[in-house]
Each structure stands twice: as structure tokens, then as C-alpha cells.
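Student: Following is a predicted model, sequence given first.
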Amino acid sequence: MFAPEFISKIRIAIIAFAVFILYAILCVRLWQVQVVKGEDTKEKVSRQYIRKIRIPAVRGRILTADGVPLADNRPSMDVVLHISEMRQPGPLGKTINFIAQNVEIIAKAIGRTEYPTRDDISYHTSKTPGLPLTIFRDLTEEETAKAFEISSVIPGMELVCDAVRIYPQGTTAGHLIGYVRQDDPGKADDRKSYSYYVPDIVGKSGLELAYDTYPETTTSSGGKVSPVKRPLLRGTPGQKLVIVDHRRFIRDSGGEGIKAENGKNLILSMNFKAQKIAEELLDGYSGAVVVMDANTGEIIVMASAPSYAPAMFIPSISHEDYKALLDDPERPLFNKALQGSYSPGSIIKPLMGLSILRNMENGGEEMECDGFTPIGDYKLNCWIRPLTGGGHGTLDLREAITVSCNDYFVSNGLALGIDKISQTYSSAGFGKKTGFILPETAGRLPSRNVKKNWKVFDTALVSIGQGELLISPLQAAVYISAIANGGIIYKPQILKSIEDADGKTLHRTTPEIRGHLQTTPEHLNFVRDAMLNAVYANNGGAKKARNDAIKLYGKTGTAEVGPRSKRYKNTWFAGFGTSPKNGKTYTIIVFVERGISGGSTAAPIAAQFFKQWTPE
């Protein structure tokens, strides 16, 4: 047996050896962490404690050519709580209770009855404790004063000024401007780049959506071309760096960060006064007015009635209000100027006149209007027959446009045939989108491709702007502008320029040609002269468009729509005139659903428009 002293020494030696081994392992591990993997460890620690907060930019403004804001930002005084400054010792629940108590105190002090619940606070504190919790938005002056008084006794409370999107002109240009919403962080492309994500305010419809960003292509080092979206109205977000603890509460600033870059401002070609006048003249009607610079394609007016107020969607629209808009039979959310496809009726006759002059050997010669055209066993009446029992008598193309004789155009249309008519209509842009920045209809171009079992009667109808021919008021404006400017089909454009926040011009829009009418200068002069007669001759169908402000060349149209038992009339005026003040030529299209006739419903609106708006 070993002596007790010997056994004790053995035990001490074993313990010492074990301690030595543990110490050696610790040293090796420290050497690995601090020397071998030192940089990697530092990076992991940095990632653990330094967090990026995304800071959205202030959205750009939308203004008319005469400087009136259609979409703008106004300051909003908000109350926020900094969670890190309200932490309580112990479990997280104590902090949540403390915050909830103070929210109630603040609410009572400023007189608000609605405020975040404990569940709201718990969710924010659990998910994004590094972000301030906004508890009240858009304080009044009185509420701001009361909140300021109490802020000194509430830890972590701060009054901050935020930007709120506003639409100061009510329903004016509502369809065109559109509206915004807060972006969905879950669908954002850069969501994974930030620890705490504050989303942008993004466009959801209209110009707010169309110019939210702009497309651009980039080429990688490998030569691959990829599409990217650059911020325009929405601006470029910034970022703030913060240091957080293991519970993600902010401890300190993590550095300078990056300042957000404000969105760019859009300057439209629209004239606010002209837009306002057009919308007032449409009050009580369902329809549209488009006014365009015939020599550039710039849109001066784009009105659709009835309209809606974009502010209804800020911050969000109620289910009841949205349902009311959707259920309204007049479709206030529908932009009739762009998205509506309608039979143009007799406003198509100047274009038919160009086709007759170009394609027929004796185009434009006299013929007899008996009040109807026989087509097989059917008689297609001229509009005058139900009124007088007879026809227009002998007349040529100029007179046929002046008095809008159906017989003349039906007879010549049948002689031309659908193929030549379709070619002429296509050259005017029918059946194709105009290229406008917002969603639009292509309408319908009549041809044998549209209706395989094409009949003579179909040709007769499209010769007077009915049947298989459908166009939008914007397409009508493009076509009439081409008659005015010498045959050029311009792309209609609403954007005049882009400016930065300091007013520096970054981009100017230039006219874009998309095609030409199939015609000659002589034929255009002929048709223009006939359109002038339609307004100023005693028997002219568009004489109610006369006004003292501008000499108009025009044509009215009345199209019968719907089944025989519920038939109604869509009415048109299409014309142009040159301003005596600035020398610019403006095209005007007036479209009214369920009117009496183009001459009695639409033409007077055109006259009133130029009486009230004189281009400078």
C-alpha cells in the first residue's frame, strides 16, 4: 500500500496536469481567435452590433407648366418614442407596460382618443426596437403645444417633422396624377440590405406610378445588359448606422451614415387654368376633354369626368369609399380620355375625305344625297332624312364635310372598300396605342382580320365612324393634330421637364414623331377648308363652336350606341385653331356620353373653353 503522503502528491500532480491542459487549450483558442481569425472575429462582432437603418427620401413634386402644384408634400408634426430610452430593468414586458402607460398619458394630454395598443407596442418592441415608435401623426398647432409641454417629463418622447403627400387641387387632374401608398417592405428589392427597414412612399397609379422610377440599362463587366430602375419621384434612400445591444436596443451611433437624396420634381406641359376650365365645363357630364399642342404633341389638358380626389387614398381609402367608386355607373376611376374606346361618329369624315382624295380617280366630285343609301335589302339613312324626309341634294366632298352628309361617305366608302379605308385609318394611329406614358387603349382598327365574315354593310358603317371602328379621345387628338400640322403623327407627352429640388433642369422633353398620314399638302388644305366651313358656314354642323377668341376648324360627331331598346348617343367635337397671342396651334377634343348631338352638346363646350382660356 502507498503511503498517504504519496497518494496526496499523486492527486496534486493530476490536478495540476489537468489545469495545465485546460490552460493550454484556452491559450490555443485565444491565439486562434485573436491572431489566426482575428479579422474574421472583429467582422462578426461588428455585424452583431452595428445595424443599418434605411431612411426614405422626401418625394418629388408634380407641378403644371404654370407652376401650380398638383402633388406636393407638407410638414406633419408627429410624436415618436425612442424605445431604447424607455427600457426598464427586468423582463421585456415591464418595458412594454411602461411604454403603454406613457402613451396613454400623452394621449390624454393632447386630447387624442385613438392610440397604439399594448399589442402594437409589443410587436414594434419585439421586431424593430431600434426604430422609433410613431404613436401620433399630424398634430394640430394646439396638440403640438400640449405635446411639447409634456415631452420634458416623458423619457424617450420626441416631436419630429415628417413629410406627408398631399394633392392640393382636389379632383383636378385626379386621373392623371394618381396616388401613392407606403411600400410593402416584404416586396422591396433592397430589404435584405438593412436591419431596420423604413419603406418609401411609392406611386400606385397615374403619373405618381409612371414616374416613380425610370428604367435604365446597365452593362456588366461580362457584357450582359440588365434593366434597372432608377429613383425619380421617390428619391434615393439614405442610411443611418447605430450600435445595438444583444436585445437590439440602440446604444450609440455607429457612424455618419448616408443622407437621403430627395426625389426629382416633374414639370408637366399641362396648363392648370385650362385644365380647371375643362373640368368645370364637363361638370354634370360623363366624358372627356383633351387639348394638345398640334405641333409638339404636348398635352395641355386631359380631363375625364367624373373624376375623383387622389387624397381619398392617403393614407388609405376606406372599404366603403372604394366600393362606392367601383359601383358608380359613371366610373369615376376610369380615365375616359385614355382608356375609353368609342365609336367616333362623324369626326372621322375629314380622315375619310383624305382617303377619298388619295385613292379615287375623281375623289371629291359631286353626288346626289337622297337621304339614304341602299345596301342590299337595307336602307342606311342619312341623318337628315328623319328630320326633313329627304336628303341633302347635290353636294361635293367639301360640302359633305361641312354638313356631315352620311350618304356621301357611305357611297364613297363602299367604292373605296375596307382595305383602303383600313390603311388610311391605320396611318392616323388607329388600332395602335399612342405611346402615352399612362395605360391606354389601342382601340379597334376595322379590317378583315377583325371580322372574318366582313360584309358590305360593315364597310358602310366604318365609313361614317361606327361599327367596328373604336378610338379614344386621345387618339382623336393625335389624328386631328396631324391634319392641323401637315400630316405628322406625334407621340402625346405630358412631361415637359424634370428638375432637382433646387430648381435646376435635369431633362427637357422633345417632340417625338411616330408616323405620317397617308396624304398630300393639297389634300390637307382641302380638308382643313371644309372643317373651317363646318364651323363658320350657316349650314355648318359645328357652328356652335364659334367663339371670338380663336378661329376654329372643326367637325362634330354623333354615334349611336347600345342595343336598340337602350340606344343612346355619344357626342363629339374635334377641331383645332391657332392662338392669335402666341401663334401656337391647339387641338381640342370634346367627348360627351349620352349627349343630344355633337353640334348641340360637344361643340358649345369647345366654344366656351376658348372663351374662358386664352393661351398666352
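Tutor: Received the coordinates, thanks.
Student: which non-adjacent residue is nearest residue 73?
Tutor: residue 163 (4.2 Å; CB to CB, 6 or more residues apart in numbering). For every residue, glycine as well, the C-beta is placed using N, CA and C.
Student: Identify the bridge partners of the one you found.
Tutor: When assigned by DSSP bridges, residue 163 has beta-bridge partners residue 75.
Student: residues touching it, list them.
Tutor: Applying CB atoms under 8 Å, 6 or more residues apart in numbering, we find residue 163 in contact with 58, 59, 73, 74, 75, 76.
Student: go again using 10 Å as the cut-off
Tutor: 56, 57, 58, 59, 72, 73, 74, 75, 76, 201, 262 (CB atoms under 10 Å, 6 or more residues apart in numbering).
Student: Between the residues you listed, identify the one with the most neighbours.
Tutor: Ranked by neighbour count (other CB atoms under 10 Å), those have residue 59 at the top, with 28 neighbours.
Student: Which residue ranges of the stretch 201-350 of the chain form strands?
Tutor: Using DSSP state E, counting those that start in this stretch, the strands found in the stretch 201-350 of the chain span residues 201-203, 213-219, 225-231, 238-244, 250-253, 265-268, 287-293, 299-305.
Student: same deal with the stretch 401-550 of the chain?
Tutor: Counting by DSSP E, counting those that start in this stretch, the strands of the stretch 401-550 of the chain are 488-490, 495-499, 505-508, 513-516.
Student: Of all those strands, which one comes closest to residue 361?
Tutor: strand 513-516 (23.2 Å; CB to CB).
Student: Report all helices and strands that the closest one contacts.
Tutor: Where contact means 3 or more CB pairs under 10 Å, 6 or more residues apart in numbering; DSSP states H and E, strand 513-516 is packed against helix 418-427, helix 473-485, strand 488-490.
Student: ok so, going back, mind checking how far the residue nearest to residue 73 is from residue 233?
Tutor: Distance, residue 163 to residue 233, by CB to CB, to the nearest Å: 13 Å.
Student: Kindly report the same for residue 456.
Tutor: 52 Å.
Student: between the strands of the stretch 401-550 of the chain, which gets nearest to residue 145?
Tutor: strand 495-499 (36.3 Å).
Student: May I see the buried residues of that closest one?
Tutor: By 16 or more other CB atoms under 10 Å, the buried positions in strand 495-499 come out as 495, 496, 498, 499.
Student: before we move on, what about stretch 387-396?
Tutor: Neighbour counts over stretch 387-396 (16+ other CB under 10 Å) mark 391, 392, 395 as buried.
Student: Tell me the gap between it and the middle of its chain.
Tutor: With CA atoms, centre = their mean, to the nearest Å as the basis, stretch 387-396 stands 47 Å off its chain's centre.
Student: neighbouring contacts of that stretch?
Tutor: With CB under 10 Å, 6+ apart as the test, stretch 387-396 has contacts from 364-373, 381-385, 399-408, 530, 539.
Student: please redo it, this time with the cut-off set to 6 Å
Tutor: Applying CB atoms under 6 Å, 6 or more residues apart in numbering, the external contacts of stretch 387-396 come out as 364, 366, 368, 369, 370, 371, 382, 403, 405.
Student: Among the residues you listed, which one has the most neighbours?
Tutor: Within those, most neighbours by other CB under 10 Å means residue 405, with 27 neighbours.
Student: Make sure that one is actually in contact with residue 370.
Tutor: No - using CB atoms under 6 Å, residue 405 makes no contact with residue 370, being 10.8 Å away.
Student: thinking again about what came up before, can you tell me which of the contacts of stretch 387-396 is nearest residue 522?
Tutor: Taking the contacts of stretch 387-396 together and measuring to residue 522 by CB to CB, the closest member is residue 364, at 11.1 Å.
Student: The closest one: what's it in contact with?
Tutor: By CB under 6 Å, 6+ apart, residue 364 lies in contact with 357, 396, 397.
Student: among those, which are in helices?
Tutor: The helices, defined by DSSP state H, take in 357, 397 from these.
Student: If we only consider the contacts of residue 364, which is nearest to residue 485?
Tutor: residue 357 (18.1 Å).
Student: Give me the number of neighbouring residues for the residue lying closest to residue 495 once chain neighbours are set aside.
Tutor: Counting by CB to CB, 6+ apart, residue 509 is the residue found nearest to residue 495 once chain neighbours are left out, at 5.1 Å. By other CB under 10 Å, the residues close to residue 509 number 18.
Student: Check what pLDDT residue 509 gets.
Tutor: Looking at residue 509, its pLDDT reads 95.
Student: you'd agree it is up against residue 492?
Tutor: No - between residue 509 and residue 492 there is no contact under CB under 6 Å: 11.2 Å.
Student: Quick check: neighbours shared by these two?
Tutor: With CB under 6 Å, 6+ apart, residue 509 and residue 492 have no common neighbours.
Student: if we can go back for a sec, in strands, which of the buried residues of stretch 387-396 fall?
Tutor: Among the buried residues of stretch 387-396, the members falling in strands (DSSP state E) are residue 395.
Student: I'd like the buried residues of stretch 387-396 laid out as JSON lines, including distance to residue 115 and pLDDT.
Tutor: As requested, the buried residues of stretch 387-396 are exported to JSON lines (distance: CB to CB, whole Å; pLDDT from 0 to 100):
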{"residue": "391", "distance to residue 115": "76", "pLDDT": "92"}
{"residue": "392", "distance to residue 115": "75", "pLDDT": "93"}
{"residue": "395", "distance to residue 115": "77", "pLDDT": "95"}
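Student: of all the buried residues of stretch 387-396, which comes closest to residue 564?
Tutor: Nearest member of these to residue 564, counting by CB to CB, is residue 391, at 23.7 Å.
Student: Quick check: that closest one vs residue 537, distance?
Tutor: Between residue 391 and residue 537 the computed distance is 18 Å (CB to CB).
Student: Next: residue 68.
Tutor: Residue 68 is 39 Å from residue 537, by CB to CB.
Student: So for the two, which sits in the more crowded spot?
Tutor: Shown here are residue 68 and residue 537; by other CB under 10 Å, residue 68 has more neighbours (20 against 16).
Student: Next up, the contacts around residue 489.
Tutor: If you count contacts by CB under 6 Å, 6+ apart, residue 489 has them with 429, 482, 514, 515.
Student: Next one: the residue lying closest to it once chain neighbours are set aside, what pLDDT does it get?
Tutor: In space, and not counting its chain neighbours, residue 489 is closest to residue 515: 4.0 Å by CB to CB, 6+ apart. You'll see residue 515 listed with a pLDDT of 96.
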